[in-house]
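Student: Have a look at this fold, sequence not included:
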């Protein structure tokens, strides 16, 4: 009887230990400017760029120390930001002024200003062709910038209120979310023309791509879902329910995770790219919009609009296999009990 009780206790103990979570997250905060909106990372320089729409600046965060090393004044109401890692140039859209500021990442100073159309917003970059795509929310169009000359080479008409854009450099295809009619415009980078428009959910806002799998993830704020598009066929293959009013989306291709900033409930949904299910929800305060992952470290940066901070979220991996020393102690303990019997 004693042996059977001990055996049951051992099974319970082993089971409880084995169901430890596979991962958890450690969160810290960095104070930036007013109303941080978008975030972009340059893993080569370990710098993070954050647009502060409330005080006309871009905060530059040192990824090694998690401190702001510079605030760059760019002009009224900066929203979108994207880093061209190949050239170390950073592009910033200004929603209230139809221009894009170009920042030299070596000096973190503005070196050019490019006129675009009304209410420029999201920015996507093809580092291979050195073309920059800017959504003009107020003009139902996308401006295509030549990164060599910092000049507009084409303006593409899309659907109403385009918001975000991402590019797959391998396929030279750009994906634009149109919040006005809940669709995605697909642009061929060779001709810079629309090849397909896909109806998605209402209020399409953010977009991100896993270049390794060619899966595109679209946030739909009104349906609280992420729609998954397979880039090889440009068809919707799945949708995932996340938090309230999802906005920014970012992908960690190495881990196969998709991070979604839910501005309505102040959380980040973590989606497993293999199963298209939410594996964890991270609370990060109110009004979280922009989000970006450093592909070299896996660290997540999320801008929170209300307090003017960026959450720095690191993944603290926990193996599901218990430490050898713990197992050894468990075995010794129960062996001792059995020997006593």
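Tutor: All right, it came through fine. Just so you know, these numbers come straight off a predicted model, no measurement behind them.
Student: Apart from its chain neighbours, what residue comes closest to residue 235?
Tutor: residue 229 (6.8 Å; Cβ to Cβ, 6 or more residues apart in numbering). Every C-beta, even on glycine, is put in place using the N, C-alpha and C of the backbone.
Student: strand partners of the strand or helix carrying that neighbour, parallel vs antiparallel please.
Tutor: Assigned by DSSP states H and E, residue 229 belongs to strand 225-230. Partner strands for strand 225-230, per DSSP bridges, with pairing direction: strand 215-220 (antiparallel), strand 235-241 (antiparallel).
Student: that older thread, give the contact list for the residue nearest to residue 235.
Tutor: 175, 184, 198, 215, 216, 217, 218, 235, 236, 237 (Cβ atoms under 8 Å, 6 or more residues apart in numbering).
Student: is it in a bridge, and if so with what?
Tutor: Beta bridges link residue 229 to residue 216, residue 236, judged by DSSP bridges.
Student: please begin residue numbering at 853 from this point
Tutor: Let's use 853 as the start, then, which means that last one is residue 1081.
Student: Roughly how far does it sit from residue 963?
Tutor: Counting by Cβ to Cβ, to the nearest Å, the gap from residue 1081 to residue 963 is 35 Å.
Student: likewise residue 916?
Tutor: Per Cβ to Cβ, residue 916 is found 25 Å from residue 963.
Student: neighbour-wise, which of these two wins?
Tutor: Higher neighbour count among residue 916 and residue 963: residue 963, with 12 against 8, using other Cβ atoms under 10 Å.
Student: my read: that one touches residue 956, true?
Tutor: Yes. Between residue 963 and residue 956 there is a contact at 4.8 Å, judged by Cβ atoms under 8 Å.
Student: Pull out the buried residues from the contacts of residue 1081.
Tutor: 1027, 1036, 1050, 1067, 1068, 1069, 1070, 1088 (16 or more other Cβ atoms under 10 Å).
Student: I'd like to know which of these is nearest to residue 926.
Tutor: residue 1027 (25.8 Å; Cβ to Cβ).
Student: OK, contacts around the closest one?
Tutor: Taking Cβ under 8 Å, 6+ apart as the definition of contact, the neighbours of residue 1027 are 1017-1020, 1036-1039, 1059, 1061, 1068, 1070, 1081.
Student: Could you do residue 1093 as well?
Tutor: Neighbour list for residue 1093: 1076, 1077, 1130 [criterion: Cβ under 8 Å, 6+ apart].
Student: One more: residue 960?
Tutor: For residue 960, the contacting residues are 899, 912, 921, 922, 924, by Cβ under 8 Å, 6+ apart.
Student: Any chance of those residues in TSV with distance to residue 1152 and pLDDT as columns?
Tutor: Below are the contacts of residue 960 laid out as TSV (distance: Cβ to Cβ, whole Å; pLDDT from 0 to 100):
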residue	distance to residue 1152	pLDDT
899	16	98
912	18	98
921	20	98
922	22	98
924	23	98
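Student: tell me the two of those that are most distant?
Tutor: For the contacts of residue 960, the farthest-apart pair by Cβ to Cβ is 899 and 924; their separation is 11.5 Å.
Student: okay, and the common contacts of the two?
Tutor: Common contacts of residue 899 and residue 924 (Cβ under 8 Å, 6+ apart): 912, 960.
Student: follow-up on the earlier one: nearest to residue 1119, of the contacts of residue 1081?
Tutor: Distances from residue 1119 to those, taken as Cβ to Cβ, are shortest for residue 1069 (16.6 Å).
Student: Locate the residue most central in space within the chain within the secondary structure: which element?
Tutor: Among the residues of the chain, the one closest to the centroid is residue 1102, at 2.0 Å (Cα atoms, centre = their mean). Using DSSP H and E, the element containing residue 1102 is strand 1098-1104.
Student: Could you list the paired strands of that strand along with their orientation?
Tutor: The strands beside strand 1098-1104 in its sheet (DSSP bridges) come out as strand 1109-1114 (antiparallel).
Student: which residues touch the strand it pairs with?
Tutor: So strand 1109-1114 is contacted by 1058, 1060, 1062, 1069, 1071, 1076, 1078, 1094-1104, 1120-1125, 1131, 1140-1143, 1145, 1152, 1154 (Cβ under 8 Å, 6+ apart).
Student: Give me the ChimeraX select line for these, limited to the buried ones.
Tutor: In ChimeraX, this line selects whichever of the contacts of strand 1109-1114 come out buried by 16+ other Cβ under 10 Å:
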select :1058,1060,1062,1069,1071,1076,1078,1094,1095,1097,1098,1099,1100,1101,1102,1103,1104,1120,1121,1122,1123,1125,1140,1141,1142,1143,1145,1152,1154
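Student: now the helices for this protein?
Tutor: 854-870, 1176-1192 (DSSP state H).
Student: how far does the strand holding residue 1081 sit from the chain's center?
Tutor: Remark: strand 1077-1082 is offset 14 Å from the chain centroid, using Cα atoms, centre = their mean, to the nearest Å.
Student: Next: stretch 932-939.
Tutor: 14 Å.
Student: likewise stretch 933-947?
Tutor: Stretch 933-947 sits 15 Å away from the centroid of its parent chain (Cα atoms, centre = their mean).
Student: Equivalent analysis for stretch 999-1006, please.
Tutor: With Cα atoms, centre = their mean as the basis, stretch 999-1006 stands 26 Å off its chain's centre.
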